[in-house]
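J.: sequence first, predicted model second:
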Amino acid sequence: MAGGAKTAKQRDAALEAAARLLDMGSPGSIVAMTLQRQHGYSRAQAFRIVKAANEQRGSEGISARPTASEMVGMTQQALAGALAEASEAGDWQSIVKLSRELREALKANGSITTVAGPEPDAAVDTVMAVKAAHTREQ
């Protein structure tokens with residue numbers, strides 16, 4: 001477990017936090033990311049808690065369904081806030097994780113597509129070969 005074993009009280013607090021965020025219409029991925037950052041859960045644990053909170057809310061008849069554009073906006077705001085916090089704290093490991101999450105979120109909504117790389121440039125290749133040969137000689 002990330003951050004060590006959690007007590008039942010800590011898990012209940014995380015479950016309540018997840019339920020509150022879901023009630024506000026936050027997407028599950030954002031709720032899971034918040035649980036990871038603020039409660040110290042691993043990604044898998046956070047998503048299990050989100051699932052449990054959704055099931056609890058479903059049994060109570062609660063369902064908040066934000067639109068796709070609202071979800072994208074919430075995702076961007078949450079990631080921007082998390083990246084700002086990590087930058088201020090100098091937590092480079094979190095910045096890498098958050099960047100990965102942002103990339104995956106952008107892929108999921110189609111904002112990032114695969115594009116072929118630039119055409120090979122003979123002049124650049126020649127310069128790189130000369131530089132590599134010069135480096136080996138030294």
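T.: Looks like it came in fine. In this text, all values refer to a predicted model and were calculated from it rather than measured experimentally.
J.: ok, the residue nearest to the spatial centre of the chain - contacts?
T.: Nearest to the mean C-alpha position of the chain, by CA atoms, centre = their mean, lies Glu101 at 2.7 Å. Contacts for Glu101 were tallied using CB atoms under 8 Å, 6 or more residues apart in numbering; they are 29, 33, 79. C-beta coordinates here come from the backbone N, C-alpha and C atoms, glycine included.
J.: give me the number of residues near the first one?
T.: Neighbours of Ser29 under the rule other CB atoms under 10 Å: 20.
J.: next: Ser94.
T.: Each residue near Ser94 was counted by other CB under 10 Å, and the total is 17.
J.: quick check: closest non-adjacent residue to it.
T.: Ala86 (4.1 Å; CB to CB, 6 or more residues apart in numbering).
J.: what helix or strand does that neighbour sit in?
T.: Ala86 belongs to helix 68-89 when assigned by DSSP states H and E.
J.: how about the next helix or strand after that helix: buried residues?
T.: Counting by DSSP H and E, the next helix or strand C-terminal to helix 68-89 is helix 92-108. Residues of helix 92-108 classed as buried: 94-95, 97-98, 101-102, 105-106 (neighbour count, 16 or more other CB atoms under 10 Å).
J.: list just the nearest of those to Val127.
T.: Ile95 (32.9 Å; CB to CB).
J.: from Ala129, how far off is the closest one?
T.: 35 Å (CB to CB, to the nearest Å).
J.: likewise for Gln45?
T.: For Gln45 relative to Ala129 (CB to CB), the value is 50 Å.
J.: comparing the two, which residue is more hemmed in?
T.: Under the neighbour definition other CB under 10 Å, Gln45 and Ala129 were set side by side, and Gln45 has more, 20 against 10.
J.: helices or strands up against the helix or strand hosting that one?
T.: Using DSSP H and E, Gln45 falls within helix 43-59. Judged by 3 or more CB pairs under 8 Å, 6 or more residues apart in numbering; DSSP states H and E, helix 43-59 is in contact with helix 8-23, helix 28-39.
J.: which one of the ones you listed lies nearest to Ser59?
T.: helix 8-23 (11.5 Å).
J.: so what does the closest one touch, helix or strand wise?
T.: Helix 8-23 packs on helix 28-39, helix 43-59, going by 3+ CB pairs under 8 Å, 6+ apart.
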